[in-house]
Each structure stands twice: as structure tokens, then as C-alpha cells.
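1. Here is the input, now give the coordinates:
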Amino acid sequence: MQQSTSSFSVLRSRKATTANQENLSRTIILSVKSGDVAETEDLINKGADIDVTENGNNLLLLAIVYDQKDVARLLVARGINLNYRSQGGDDRTQYKSALDLTEEKGWDDLYELIERTSLANKNIPMAVVDGDSKLTKSLLEQGADINTVTDTGESLLMRAIRHGHWEVSELLISQGIDVAYVLVQRHQSANGKIETTKETARIYASKYGMPDIIQLIDRREGEYRQQGIIVQDPSEAELQINEKKPVNEDKTDSEKQRSHTCAVL
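-> Below is the predicted model:
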């Protein structure tokens, strides 16, 4: 008997519309190279793709290659993929990670920051599952990416809600987690039919009986709208799997670094 299979893809819906995504991504590459910390942060806030690449290097690698340490620190703090290895460029960067390049430059402080942040990212999903709000807050203060995706594709907020941890859920929302994050799951049934489901933290809160969290999520999404950020209902959102490509590069190499596909609605 044929077994049913499933896979997931991730759509982050709070960042930007597809109309301005490419322009923002191109601009942030120039900003990183020039070392403009303020502009880089502003572009991230407006929706520039922090995981965009140029010639096989992500923004963190570019910042290091161009000796822009302050920008590199910002990118680490904003949750860039710390495990990315260069997929192109020259012999200086080929197949190297940010840790490799910082070690070569003798940037011990940045090396330690990346190591510490990587460890915090690894530990925070378990702290959330355990409902340990103090540890979760401590790990966030140590640099853990609040918008990290768990091995099941859930956001940390989804996972906290699923385990009934109200205090951790409230903490994550107050600390700025993306409440509009959309998890898209494709399931192939035994008869070969493909079924798609879309989940958000709000759907989780409704499913697991947490009305107070629904109110907090609705309030935060209201703030998004006031800021001009478009938040689409997941039932109306168009699947954009395998449509998003890095600037100046085919997507295939980039996807090897990730276990899921990100797209911006």
C-alpha cells in the first residue's frame, strides 16, 4: 500500500509585497557593501529579503568580505542564516561560512557572536516547548532569532500555542515575533492526491482554545496594517512555492542551504 507523504513550505506574510521585494533586495546588497548600518536596518524593516544572495554569497558573507563588521553584527541580530556557505565567487569565499571568514580575518568578537547566536537558535525551540519563559527571554537576549523556523516548519509562537504555554506565547508576541507567519503544508494521500493546508498562529490559537492570544495577535496585525504592511488571509493567499529567486542567481544553489522554501506575500 502506498504511504501518504507530506512536505512543508513557509510563506512569511508581514515583510513586504512581491511588487517591491526585488527592488528592496537589490538595494540592500548595495547598502551592505557600503557599510550603511542605518539604511540596511531600514530596508530590513521595509521588507528586504535578509537571505538574498549575490554571486553565491549571502549578505553576511558580503559584509565580511567588504570589511563591514558593524553591518555583519546587525545581520546576525536580525536573524540571517548563519550556516550559509558560499556557492560561488572566488577562492576567497567558495564553500566557506561566516565562521570560516571571520576566523581568517581574526575577527574574534564577531566569531564568538555568531557561535553564541547559533547556539541560542538551537536551544530556543526546546525552551519554548518546555514553557520556560525565563530561558526563552534569556536566549532572545543572547541573540536567538525570534522568527526561526522549527524542524516541523512551525514558528516559535505556533509551537508555544500548540503546547498550551500562554506566558511564552505572550512573551514572543511582545518581543516582536511575526504573528502573520504562514505555514503551508502539502500532503500526498495514499491515492496520490495532493492536499494543501495553510496555518497561522491565529489558527493555532483558535484550534487550541487560547482566545486571549487571539486578541493579542489581532492587535499586532492591526499595528501591521497601520504601518502599511499587508497581511493576507492565508485562505486567500496564493501559493508561491518555487517562485522566489535570489538576485543574480538561480534558486537551486540557495535552496540547498535550507530545509524549507520562503516566499513573501
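2. Tell me, what's the model's pLDDT at the closest residue to R92 other than its chain neighbours?
-> Excluding the flanking residues, the one nearest R92 by Cβ to Cβ, 6 or more residues apart in numbering is V65, at 6.9 Å. (Each C-beta comes from the backbone N, C-alpha and C, glycine too.) Here, the pLDDT recorded for V65 equals 93.
3. what about V65, neighbour count?
-> Applying other Cβ atoms under 10 Å, we find 20 other residues in the vicinity of V65.
4. I'd like the distance between it and E112.
-> 20 Å (Cβ to Cβ, to the nearest Å).
5. and what of L119?
-> 11 Å.
6. same thing with I64?
-> 14 Å.
7. same deal with D145?
-> 17 Å.
8. Kindly report the same for R186.
-> In this view, R186 and E112 are 40 Å apart by Cβ to Cβ.
9. List of residues touching stretch 144-160?
-> Applying Cβ atoms under 8 Å, 6 or more residues apart in numbering, the contact partners of stretch 144-160 are 8-10, 12, 79, 117, 120-121, 123-125, 128-129, 131, 140, 162, 168-169, 172-173, 175-179, 181, 183, 185, 199, 201, 204, 259-260.
10. Any stretches of the stretch 151-265 of the chain with poor pLDDT?
-> Applying pLDDT under 70 to the stretch 151-265 of the chain picks out residues 228-265.
11. same for the stretch of helix or strand L74 belongs to, what does it pack against?
-> Using DSSP states H and E, the element containing L74 is helix 69-77. Packed against helix 69-77 by the contact rule (3 or more Cβ pairs under 8 Å, 6 or more residues apart in numbering; DSSP states H and E) you find helix 18-34, helix 37-46, helix 59-65, helix 108-129.
12. quick one on the thing from earlier: quick one: the residue nearest to R92 and T93 touch, right?
-> Yes: if you go by Cβ atoms under 8 Å, V65 and T93 touch, sitting 6.3 Å apart.
13. Report the secondary structure element holding the closest residue to I213 other than its chain neighbours.
-> Of all residues not flanking I213 in the chain, A205 sits nearest, at 4.3 Å (Cβ to Cβ, 6+ apart). A205 is part of helix 201-207 when elements are defined by DSSP H and E.
14. Distance from the chain centre to the next helix or strand after that helix, please.
-> Of the helices and strands lying after helix 201-207 in sequence (DSSP H and E), the nearest is helix 211-226. Distance of helix 211-226 from the chain centroid (Cα atoms, centre = their mean, to the nearest Å) equals 20 Å.
15. Return the set of buried residues in helix 211-226.
-> I213, I214, L216, I217, R220, E221, Y224 (16 or more other Cβ atoms under 10 Å).
16. ditto for stretch 134-152
-> Neighbour counts over stretch 134-152 (16+ other Cβ under 10 Å) mark L135, T136, K137, L139, L140, G143, A144, D145, I146, N147, V149, T150 as buried.
17. picking that back up, what subset of the contacts of stretch 144-160 is buried?
-> Buried subset of the contacts of stretch 144-160 (neighbour count, 16+ other Cβ under 10 Å): 8-10, 12, 79, 117, 120-121, 123-125, 128-129, 131, 140, 162, 168-169, 172-173, 177-179, 181, 183, 185, 199, 201, 204, 260.
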